[in-house]
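S.K.: This is the structure alone, sequence omitted:
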């Protein structure tokens with residue numbers, strides 16, 4: 001079976017499950033809850049076999065509007081833009097900062113010095129990276145540099161948004177199944193797959 005054929009089969013199964021559980025169902029939130037409940041009661045109905053499991057996560061975590069699914073595409077685009085803005089905001093490069101030289105000094109001990117914030121961010125990223133290096137050892141998905149970088153960025157932004165909690169050991173293990181689920185559900189570019197054949 002060619003890669004393109006396999007991709008088409010997977011896409012068709014995803015679309016059928018999505019239509020059945022979400023798009024054609026007016027009360028999809030209740031239907032999704034029933035599906036989760038059923039998967040807990042009957043191992044043959046496991047949600048882990050779902051082709052659109054990341055949509056379940058997004059609905060239950062409040063990332064998607066449970067009242068109006070026609071807004072989902074816009075919501076996802078908006079959330080991605082917000083995340084990019086937060087990453088930019090929290091990623092400080094003191095060399096690019098245009099502030100008073102007395103404050104923008106690598107030796108400055110002032111709390112609001114861009115260099116102090118930069119050094120704190122570097123330490124935070126080192127701490128997170130220590131845990132990422134231990135996330136599901138032996139699993140190639142979590143050893144890939146791009147996935148580790150994605151997890152680092154997500155956990156860094158979360159820590160900066162929640163300074164009272166910051167980052168705590170083990171948060172990587174909470175993020176890991178979400179990222180794996182979303183990655184597994186990602187719709188691959190069928191044209192690229194077809195070109196690879």
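M.R.: Yep, it's here. Since the structure is predicted, the reported quantities are computational estimates derived from the model, not experimental observations.
S.K.: Show me the strands in the chain, by range?
M.R.: Applying DSSP state E to the chain gives no strands.
S.K.: All the helices of it, in order from the start?
M.R.: 3-18, 28-41, 53-60, 72-90, 114-132, 140-143, 145-161, 171-185, 190-196 (DSSP state H).
S.K.: Please work out which of those helices is packed deepest.
M.R.: helix 53-60 (a mean of 19; mean count of other CB atoms under 10 Å). Where C-beta positions appear, they are placed from N, C-alpha and C, glycine not excepted.
S.K.: Let me know the angle separating that helix from helix 72-90.
M.R.: Using axes from the mean of the first three to the mean of the last three CA atoms, to 10 degrees, the direction of helix 53-60 lies 80 degrees away from that of helix 72-90.
S.K.: Quick check: mean pLDDT of helix 53-60?
M.R.: When pLDDT is averaged along helix 53-60, the result is 79.
S.K.: now swap in stretch 166-178 and tell me
M.R.: 93.
S.K.: can you list contacts of it?
M.R.: Residues from elsewhere that reach stretch 166-178 (CB atoms under 8 Å, 6 or more residues apart in numbering): 57, 124, 127-128, 131-132, 134-136, 142, 151, 154-156, 158-159.
S.K.: Can you give the distance of it from its chain's centre?
M.R.: 11 Å (CA atoms, centre = their mean, to the nearest Å).
S.K.: do the same with stretch 128-138
M.R.: 16 Å.
S.K.: May I have the distance across that stretch, first residue to last?
M.R.: The straight-line separation of the ends of stretch 128-138 (CA to CA, to the nearest Å) is 19 Å.
S.K.: again, but for stretch 138-145
M.R.: 14 Å.
S.K.: Same question for stretch 126-142.
M.R.: Using CA to CA, first and last residues of stretch 126-142 are 17 Å apart.
S.K.: Of the contacts of stretch 166-178, which is the nearest to residue 64?
M.R.: residue 57 (9.6 Å; CB to CB).
S.K.: Now do the contacts for the closest one.
M.R.: 63, 178, 181-182 are the contacts of residue 57 under CB under 8 Å, 6+ apart.
S.K.: what about it, distance to residue 45?
M.R.: 17 Å (CB to CB, to the nearest Å).
S.K.: next one: residue 108
M.R.: From residue 108 over to residue 45 (counting by CB to CB), the distance is 59 Å.
S.K.: ok, the contacts of stretch 166-178 vs residue 41, which is closest?
M.R.: residue 57 (19.6 Å).
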